Every structure is written in C-alpha cells, then in structure tokens.
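Enquirer: structure here, sequence nowhere to be found:
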C-alpha cells in the first residue's frame, strides 16, 4: 500500500510540475520512514528505487544541481538540503537515510530548519527523521517537530501519533500523553494499523541521558481484573503490569513497587528493575 501510494505521488509529480517538488519530498519522507522499520527489510530495494526517483524529480523541479545563491522558494530550499545530503555520495539501490555520511545528514537537517520551510509539512517530516537518527535523545526537538505536524492532514500518520504520545511522556507531559494513548487505543479498535515503538523510545529515560528512569508505583486493581499501579513519576497516571514479572502471583493493593517504564502501542507498562 505504501509503495502504491508513493508511485501515485510520483506519477502526479511527473505530470504536474507545480506539485512535483511537494510530491517528491513526501515520497522521500514516507519511504525513509518505512525503511527504518524492521518489517520493511524485504522491500528495502523497492523502496530505495522510489527514493531515487523522487530525488531525480526534485532536482529536475528546480532546473538541475547548479542553483546559485540563497533558495528563494520552498522547493529550492528542500532541494538544496537534499543536495547537501547526497554530496560526495554514490547512491545505491536500497540506500537508507543512515547510509549517508553523518556530516551530510547534519547539514541537510540544518538547511531543512530554514524559516521558509517551517510551515512545509514534508520538509519538517524529513527533518524529524534526520533528528531521530543523529540526535536520538533530543526529545524536546523531536516533540516540537511532531507537534508542528500534528494538524497536517495525510502527513500525520498513526505511527507519528504513537511516537508523539511517548515523547510527551519523555518530556513529563503525562496527562497529555495519557489522553493521546486513550485516543490511540480507540483507533486500534476501529481500524487496523501496523505501528511499532522505535528502540530509542522503548523506555522512559532520565532527561538528556540514555539511563532508564526508575519509578515508584502504588498497586491498585482494575475493574477488569488486570493489575494496575499509579506511578508517582507519571503524575499518578495508571499503568498495567504483570505480577509474575515481579516474582509473585498476586500482589496486594496499596503495595509500592519500584521499576522501569517500557512503552508499547497501547501505552506505558511497569517493568521490574531486573528487566533488560
């Protein structure tokens, strides 16, 4: 489905020069986001061919590679950033974002932050992907970029909504995060979506560090019989857990546990301090 949608966008780009740059950059965002997911390994080369086609359309949209001076339009600014990404690189089939040199990615991300592109959803999406690669613990910037995309129809995918909810937790905006996860759980009931938690967001972390944040939880028992606990560090937000992971079949309501928080597609989950 992703590839079909991308091919449709590229077909529109070839037939209508006015939408060429926008469609091509949207394809790059979709393709590179898809290639980062483990399930896409078997389609890596097909996705890479779509990315190559999108690159060629973008370059052609502004009249080639030798545009001098400061970019005057959104299309020119996007192409300038992408040319920085590919500078000195021989592209190959199936190439992913992390295959490009770090210095190229950093420069491209900087150029995508140009004022002329702040309202361009496709440029912000690609900047978000680059930020996740090269500044994986900069949750503040990642959250800022996703929030700027939140109202973009068609651009803000269920995967992005999931990452937004987790980033809100990472930035201690727990009530907002809980509300987002409630909406996501309702969405999962209504429609089928394939989403996954990126490794960088798997655990609740100490601010600006890669260490997992230890939390303290008071046990309660939900009406559905599942064990829940109110976590102090989540502003007393409730999370589910498995008593067997803490070495017991049953735990009394009111008991206090220490542990870590991991994230799944349904929200936060309390894990023991021994969890790896």
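Expert: On my side now, so go ahead. Source: prediction; values computed, not measured.
Enquirer: in three-state terms, how would the residue lying closest to residue 158 once chain neighbours are set aside be classified?
Expert: The shortest distance from residue 158 to any residue other than its chain neighbours is 4.4 Å, reached at residue 193 (CB to CB, 6 or more residues apart in numbering). Heads up, the C-betas are built off the backbone N, CA and C, glycines and all. With DSSP: H, G, I helix; E, B strand; the rest coil as the basis, the three-state label of residue 193 is coil.
Enquirer: residues touching residue 54, list them.
Expert: Listed by CB atoms under 8 Å, 6 or more residues apart in numbering, the contact set of residue 54 reads 6, 10, 13, 24-25, 27-28, 31.
Enquirer: farthest pair within these?
Expert: Spanning the widest gap among these are 13 and 31, at 13.6 Å by CB to CB.
Enquirer: how about the residue nearest to residue 158, what does it touch?
Expert: Residue 193 is in contact with 158-159, 187, counting by CB under 8 Å, 6+ apart.
Enquirer: give me the buried subset of those residues.
Expert: Among the contacts of residue 193, those classed as buried by 16 or more other CB atoms under 10 Å are residue 159.
Enquirer: circling back to that earlier point, the residue nearest to residue 158 and residue 1, how far apart?
Expert: 11 Å (CB to CB, to the nearest Å).
Enquirer: out of the contacts of residue 54, who's nearest residue 178?
Expert: Using CB to CB, the contacts of residue 54 come closest to residue 178 at residue 31, 32.5 Å.
Enquirer: wait, that closest one sits on residue 47?
Expert: Yes: with contact defined as CB atoms under 8 Å, residue 31 reaches residue 47; the gap is 4.8 Å.
Enquirer: residues shared between the contacts of these two?
Expert: residue 2.
Enquirer: residues near residue 249, how many?
Expert: Residue 249 has 6 neighbouring residues, counting by other CB atoms under 10 Å.
Enquirer: residues contacting the closest residue to it other than its chain neighbours?
Expert: Of all residues not flanking residue 249 in the chain, residue 243 sits nearest, at 6.1 Å (CB to CB, 6+ apart). Residues counted as contacts of residue 243 (CB under 8 Å, 6+ apart) are 227, 249-251.
Enquirer: measure residue 243 to residue 226 for me?
Expert: Distance from residue 243 to residue 226, by CB to CB: 10 Å.
Enquirer: look up how far residue 2 lies from the closest residue to residue 157 other than its chain neighbours.
Expert: Distances taken as CB to CB, 6+ apart place residue 33 nearest to residue 157, at 7.9 Å, with adjacent residues excluded. Going from residue 33 to residue 2 by CB to CB gives 9 Å.
Enquirer: who has more neighbours, these two?
Expert: Taking neighbours as other CB under 10 Å, residue 33 and residue 2 compare with residue 33 leading, 21 against 17.
Enquirer: and that one, what does it touch?
Expert: For residue 33, the contact set (CB under 8 Å, 6+ apart) comprises 125, 129, 157, 159.
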